[in-house]
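Visitor: coords below, sequence missing:
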C-alpha cells in the first residue's frame, strides 16, 4: 500500500526576563511545541482477522464479531502543546542559585493508541465460502478497526523548586562540598473522545525529586545521587507485544561515583572514574486495578558498576 499525509505547523516561542533585584530574575516563557507519534502508529498496514466460529452467532444480545482489523494511521498528526512557564530565580555571589517555577501545558491532538471505529468489511465477503456467506446475519459484515487517532486533549499543571548550593557560600571550611536538590509536583489529565474517564499523562509521575551531595577539589570528585518518582502510568508490552497502559509502582534509585584526575607528574592528564548505578536494586513493577498486590510485571535489573580511564593531552 502507498499512502501519504502532508501538514504544516507553525511553532512560535517567546521569552521574557527581568532583573528585579541584584542577581534576582523573573522569567516568563510561552511556546507552541509538538512531538511526532511513534513510527509504528503511523504504519500504513492493517492486519485483518476473520473469526469463522462467530459466523451466524450472537452474544449478549448482539452480533458476534466476525471481522476485525488492527493497524496504523498514516494521517496521524503530531501531539501539540501550548506552554506557559514562569520562574523566580536568585543567583548567589559564590555560585549556586535557588529557583521556584510553575508551568502550564494545554495538550491537543494527543494520540489514543486504543482508538476503535466501526467499519464495513463487505469488500472481504469474497474471502468466505458461499456457505459461510449464507450464514452471516444482517450487519455481521460490520466490524471494529483498531487504529490510533488524535482524539485526546488535556492539561498539565506543575510546580518545581530547585536549590544549587556550593557550601563555600556558607563557610570557606567547606570549599569543594555542595548539594543540588530539586522537587517537582505535577497534575495531569488526558481525556480521549471515545472514553470519558480521564487518565494521567503516560510516563509522568505526580511527584519527582532528586538530591545530590558532592565534593570536587584538587582533582578529586565524589558524588551520591538519590532519585525518587511516585506511581505513574507506564506504556509496556502487552498481549502479542502490543503496547498497553499499566500503573507502575513508585521507585527510588541511588547512584554514586568517585574519581580522581592526576594534577602533576608523568600521570598528569590521566583520570579514573568509578561509578555504581541502582545501588538500591529497585525493580520495575506494574500492577492493575489500583491494587499493588495485583502485580503484572516484576523486572529486576540489578546493580551496575563501571570503571573508566581517560587521558587528556
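Guide: That came through, no problem. Small disclaimer: the values here were computed from a predicted structure and weren't measured.

Visitor: residue 65 belongs to a strand?
Guide: No - the assignment for residue 65, made by DSSP: H, G, I helix; E, B strand; the rest coil, is coil rather than a strand.

Visitor: the nearest residue to it once chain neighbours are set aside: how many residues sit nearby?
Guide: Among residues not flanking residue 65 along the chain, residue 143 sits closest, at 5.6 Å (C-beta to C-beta, 6 or more residues apart in numbering). For every residue, glycine as well, the C-beta is placed using N, CA and C. By the criterion of other C-beta atoms under 10 Å, residue 143 has 21 neighbours.

Visitor: that's a strand at residue 143, yeah?
Guide: Yes - if the criterion is three-state DSSP, then residue 143 is within a strand.

Visitor: does it touch residue 68 like I think?
Guide: Yes - Residue 143 lies in contact with residue 68 (C-beta atoms under 8 Å); the separation is 4.9 Å.

Visitor: what ranges do the strands span in the stretch 201-313 of the chain?
Guide: Using DSSP state E, counting those that start in this stretch, the strands of the stretch 201-313 of the chain run over 207-217, 220-229, 232-237, 243-248, 251-261, 270-277, 284-288, 291-299, 304-311.

Visitor: contacts only, for residue 311.
Guide: Shown in contact with residue 311 (C-beta atoms under 8 Å, 6 or more residues apart in numbering): 269, 270, 271.

Visitor: need these in CSV (columns: distance to residue 80).
Guide: Formatted as CSV, the contacts of residue 311 follow (distance: C-beta to C-beta, whole Å):
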residue, distance to residue 80
269, 49
270, 50
271, 45
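
Visitor: now, which of those residues sits nearest residue 217?
Guide: residue 271 (14.4 Å; C-beta to C-beta).

Visitor: the closest one: neighbour count?
Guide: Using other C-beta under 10 Å, residue 271 has 16 other residues around it.

Visitor: what's the pLDDT at the residue lying closest to it once chain neighbours are set aside?
Guide: Nearest non-adjacent residue to residue 271, counting by C-beta to C-beta, 6+ apart: residue 261, 3.7 Å away. On pLDDT, residue 261 comes in at 92.

Visitor: could you measure from residue 261 over to residue 214?
Guide: As defined by C-beta to C-beta, to the nearest Å, residue 261 lies at a distance of 15 Å from residue 214.

Visitor: go on, residue 127?
Guide: For residue 127, the distance to residue 214 equals 66 Å [C-beta to C-beta].
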